[in-house]
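Asks: 3D model of this:
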Amino acid sequence: MTYDLNSKQIEAVTSLSDAKRFDHFIARIVDWEEVWSLKAESGWATVESENRLCIPFWPHVKYAESFAKGDWNGYIAEAITLADFIGKWLPGMEKDNTFAGIFPNKEMRGVVLEPNRVLLAINEEIEQY
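Replies: Coordinates of the predicted model:
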């Protein structure tokens, strides 16, 4: 179960800079122990950024759901536990040379990082608890 989010909060957070959305993403996924992406029968949503294959991730179902249109019409928001994200997803993405597209906004801008750098940021946040 995730936290409540209203339209004012969504607007405020999505208008933050890429770096601040990244920080928000890391804090929220550690707090709530879940990550969101989009999935269809054909697999998980991907996007290409600067010739890098990326999987987009969001900190809340409502952010992910707002992208289930256009090229991702028919995709549904699906939760990934933080434990699976850390233990399976990020190592698998690293092995497959797939990047993490963290919290893209309406213009599809976000922080694109190697999975090991996302893991480092998560571990740094966890250490603060």
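Asks: contacts for stretch 48-62?
Replies: Here stretch 48-62 makes contact (C-beta atoms under 8 Å, 6 or more residues apart in numbering) with 2-3, 5, 10, 24-25, 28-29, 32, 35-38, 44-47, 64, 67, 77, 79-80, 93, 97-104, 110, 112. To be clear about C-beta, it is placed using only N, CA and C from the backbone, and glycine gets the same treatment.
Asks: What remains of the residues you listed if I keep only buried residues?
Replies: Among those, the ones that count as buried by 16 or more other C-beta atoms under 10 Å are 24-25, 28-29, 35-38, 44-47, 64, 67, 77, 79-80, 93, 98-104, 110, 112.
Asks: In strands, which of the contacts of stretch 48-62 fall?
Replies: When the contacts of stretch 48-62 are checked against strands using DSSP state E, the ones located there are 35-38, 44, 47, 77, 79-80, 99-102, 112.
Asks: quick one: which of the residues you listed is nearest residue 120?
Replies: When the ones in strands among the contacts of stretch 48-62 are ranked by distance to residue 120 (C-beta to C-beta), residue 100 comes first, at 11.8 Å.
Asks: where does the closest residue in space to that closest one that isn't next to it in sequence sit relative to residue 88, distance-wise?
Replies: Spatial nearest neighbour of residue 100, excluding adjacent residues (C-beta to C-beta, 6 or more residues apart in numbering): residue 118 at 4.8 Å. Computed as C-beta to C-beta, to the nearest Å, the residue 118 to residue 88 distance reads 13 Å.
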